[in-house]
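S.K.: Give me coordinates for this.
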Amino acid sequence: MPRTKPEPIDADHAPTVPAEPTASVATQASTADRERRHDWLWYGFCLVALVAAVFWAQRVVTEMTNDEQRAIVPVSTVWGMHACLTLGLIALGALLGPLGRLLGRRHLAIGLGLAILGYLACGLAPQTTRIFYDEHIYMQIGQTIAHTGRAEYARHATAEYGDFKVMAAAPNKQPNGHPYLLSWAYKLGGVSTTTSHATIRAVVGLTAAAVYFALVLAPFALPAFTPLAAALGFVFTPLVLWWGNSVSVEPTTIGTASACFLAVCLHARLRNLDTGESSPITGLLVAATAAFAAYFRPESLLIYPVAASLLWAVDRRFLEDRVTWAALALSLALITPNLLHLWSVRTEDWGATDGRRFDVAFVSKNLTSNAGYFFQQKWYPLAGSVLALIGAGWLAVRNRWLGLSIGLWFAMSWGIFVLFYAGGYYYGASSRYALVSAIPVALLAGIGAAALIALLRPYRLALSSFGVLVGLNWVSAMSYVPTLGRESNEARAEIDFCAEVAPTLPTGSLVVSIDPCIWNVLGRNAAHIDTIEPALRNEMLALVNQYPGGIYLHWDYWMNCEPKFAAVLRKLIDDTQATLFVRKSAEAVQFALFRLDTPHARKIFGGGAVIHHKSITVDEVIGGPSEITAAGVPAEPVTPPVSSGEPTP
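M.R.: This is a model prediction of the structure:
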């Protein structure tokens, strides 16, 4: 528990030194002995965890092949996140009393209001898909975690009647934090895009509340209204709202970073002001939240220097605090599964055709768009940029160490994408990368706004003018929030097509696709073409027995723009003499489903199985030609506009 009993604080005042205790000398000595015993238990626990993690990691790296290392990722990363979540909740539960007393009813009510506001504000943007299938990959891995406890991408799975069974799967190169978070929502609300979007919106709201609480607790002298101004600035960052109604990983990335920020501020607030010693309970919370945050994106590991710099800005004695060093040891143990995951995919090019994922050669072009983000009045209000500069200036004069800490947070979370080959905000849907630096920008803007409010408060006309000008400029920069945008239009059309067709498929059917994740999330059995094609060509009758509703081939977006994919499917269509089930066009892109288990396919590719049920014909399923169909597919794939999909660093 806390070393001292801190007093409730206002947002614009540093904490005062607590009153001297009135307990007897004997009671004080007994309490000190008990705290020392707890400290040594804490040190021992953290040290044992780190030694065990290092020993295990050394065995994995030196004794396992790369394929074997990847094979343990689906289990090890989930258990690592289980440990983070469990320890974090234990620490939070132990701190609820002190936390509630520090915040008080007023701040708790404001935080709740911000959480609700953040959730509702995301509704200003359309609920949609913005990235080519990344979002559905995340959802499908979350589905697998929810049902099997393994963080892997299902390449062949059944998903009907609420049951989910995986026949073939593979680990994903991306960190598994985002699917893991979704999996908990799926356990409660079921697997669906509706549940997924509601979860991300809730995360945005909770992030706003966490930023507010962190600044209320932070032991810094800040201008009044800084917590509220920063939280509101975050909520109404246009890109936060735009991506907050998608299932992109970036909102949860900053959500977990804000949880770590809150834990660090609480850790600093509850330290012993006389000795500089911190509490093992708050240390446990920092260790768990920092480790959990690191599971969401590769660059999320940068949360560690950010947390260290914030503690340094509060009190230099944290460098000598053994409790904090022990927390770091524990946190490193907790992220070991994620580090091994990233190590196992180190050879991936992440879409960089020339192998250069990061290079100074990308700086010039990326810097133009990523710096222009703050001054072009397209994705971020110019007023926000001006306020952030004012906030940076205020910190340079009043609290340089805090200014350097927030500046480091911004420099790392924004600057890393300047070096990434696909990190320019102009690059397809890469504007989402701006979310990763949204919190430090909101902190600076909030401090700037609060400083101006304090300066102009005696001058009502000037204060009113300031509020009107900032408000109008901010609203003008949000004009695109309610729009869909041209990027990923083909992906949206693809998802709409699948959602329209999925209910028309008979139960017991199988969809063969390059993107089986879409169909699994929609509650349909699906398999990747690479995984199922050998069975289609050698055991068709066995598959027909397994899937009496029919076997369908999905002609998707990639068939329109990747000839190598189209050639594989076209040959399978020809070889099986497949019949058209449904077809639809969207702009220059064609989508279709073909029935593969034709009489010809059963005869040629049947294998030795015997059919145990009556065959269902296409006409029996759809009652004649579908109204949205048109015979055949293009003789050559149609090349649509450039894809907005790209890998993440």
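
S.K.: Please count neighbours and contacts with C-alpha atoms only from this point.
M.R.: OK.

S.K.: Give the rounded mean pLDDT of the longest helix along the chain.
M.R.: Scanning the chain for the helix with the most residues, using DSSP state H, yields helix 66-121. For helix 66-121, mean pLDDT is 96.

S.K.: what's it packed up against?
M.R.: helix 177-189, helix 193-217, helix 226-235, helix 280-293, helix 322-334, helix 336-344 (3 or more Cα pairs under 8 Å, 6 or more residues apart in numbering; DSSP states H and E).

S.K.: Low-confidence stretches in this structure?
M.R.: 1-37, 350-355, 428, 607-649 (pLDDT under 70).

S.K.: if you skip the residues just before and after it, what's nearest to the residue sitting nearest the centre point of it?
M.R.: Most central in the chain under Cα atoms, centre = their mean is residue 249, positioned 2.7 Å from the mean C-alpha point. Nearest non-adjacent residue to residue 249, counting by Cα to Cα, 6 or more residues apart in numbering: residue 178, 5.9 Å away.

S.K.: Count the residues that sit near the one you found.
M.R.: Neighbour count of residue 178, defined by other Cα atoms under 10 Å: 26.

S.K.: pretty sure it is touching residue 251, no?
M.R.: No. Counting by Cα atoms under 8 Å, residue 251 is not a contact partner of residue 178; they are 9.5 Å apart.

S.K.: can you list contacts of stretch 330-347?
M.R.: 46-47, 49-50, 52-54, 57, 61, 66-67, 69-70, 73, 76-77, 80-81, 83-84, 173, 175, 287-288, 290-292, 294-295, 298 (Cα atoms under 8 Å, 6 or more residues apart in numbering).

S.K.: Can you select the buried ones among the residues you listed for me in ChimeraX?
M.R.: Under the burial definition 16 or more other Cα atoms under 10 Å, those of the contacts of stretch 330-347 that qualify are selected in ChimeraX by:
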select :46,47,49,50,53,57,66,69,70,73,76,77,80,81,83,84,173,175,287,288,290,291,292,294,295
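
S.K.: At which residues are the strands of the stretch 301-450 of the chain located?
M.R.: Counting by DSSP state E, counting those that start in this stretch, the stretch 301-450 of the chain has no strands at all.

S.K.: could you say what helices and strands whichever helix or strand residue 512 is part of packs with?
M.R.: Using DSSP states H and E, residue 512 maps to strand 509-513. Where contact means 3+ Cα pairs under 8 Å, 6+ apart, strand 509-513 is packed against strand 525-528, helix 529-538, strand 550-555.

S.K.: out of the ones you listed, nearest to residue 413?
M.R.: Counting by Cα to Cα, residue 413 lies closest to strand 525-528 out of those; the figure is 35.3 Å.

S.K.: what comes into contact with that closest one?
M.R.: By Cα under 8 Å, 6+ apart, strand 525-528 touches 154-160, 508-517, 519-520.

S.K.: Show me what the helix or strand just after the strand holding residue 512 is packed against.
M.R.: Where DSSP H and E defines the elements, the next helix or strand beyond strand 509-513 is helix 516-521. Using 3+ Cα pairs under 8 Å, 6+ apart, the elements in contact with helix 516-521 are helix 134-148, strand 153-158, helix 489-501, strand 525-528.

S.K.: switch to 7 Å and redo it
M.R.: Contacts defined by 3 or more Cα pairs under 7 Å, 6 or more residues apart in numbering; DSSP states H and E place helix 516-521 against helix 134-148, strand 525-528.

S.K.: Of the ones you listed, flag the one that's most buried.
M.R.: The highest mean neighbour count among the helices and strands packed on helix 516-521, using mean count of other Cα atoms under 10 Å, belongs to strand 525-528: a mean of 26.

S.K.: As CSV, could you dump the C-alpha coordinates of it?
M.R.: In CSV, the C-alpha atoms belonging to strand 525-528 read as follows (Å, rounded to 0.1, in the frame of the first residue of the first chain):
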residue,chain,number,x,y,z
ASN,A,525,-17.1,-22.0,-42.4
ALA,A,526,-14.1,-20.9,-44.4
ALA,A,527,-10.7,-22.1,-45.6
HIS,A,528,-7.7,-20.4,-47.3
